[in-house]
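>>> Below are the sequence and a predicted model for it; my questions follow.
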Amino acid sequence: MSAESLPATDLRWVVCPVCHQPLESVGNIISCQGCGRRYPVLDGIPVLLADRVL
């Protein structure tokens with residue numbers, strides 16, 4: 001499962017753990033619309049940890 005298969009409605013409840021801005025799926029990553037941090041998606045699960053940014 002990639003980030004593209006995550007419905008946008010699922011991401012509306014999740015925010016960036018650093019700046020608390022909305023997130024969007026871009027390819028196989030989750031990207032913060034505020035600070036620009038990018039988080040990996042591993043086995044279909046977004047890893048939203050500040051120390052695991054790409």
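Received the coordinates, thanks.

>>> ok, the most centrally placed residue in the chain - contacts?
Central residue of the chain (C-alpha atoms, centre = their mean): I30, 2.7 Å from the mean position. By C-beta atoms under 8 Å, 6 or more residues apart in numbering, the contact set of I30 is A3, L6, L11, L23, E24, R38, Y39, P40, V41, P46, L48. C-beta coordinates here come from the backbone N, C-alpha and C atoms, glycine included.

>>> and stretch 38-50, which residues are buried?
If you call a residue buried by 16 or more other C-beta atoms under 10 Å, then stretch 38-50 has these buried ones: Y39, P40, V41, P46, L48.

>>> how about the residues you listed in CSV, adding pLDDT, distance to C16 and secondary structure?
Shown next, in CSV, are the buried residues of stretch 38-50 (pLDDT from 0 to 100; distance: C-beta to C-beta, whole Å; DSSP: H, G, I helix; E, B strand; the rest coil):
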residue, pLDDT, distance to C16, secondary structure
Y39, 93, 8, strand
P40, 91, 14, strand
V41, 88, 15, strand
P46, 86, 11, strand
L48, 91, 8, coil
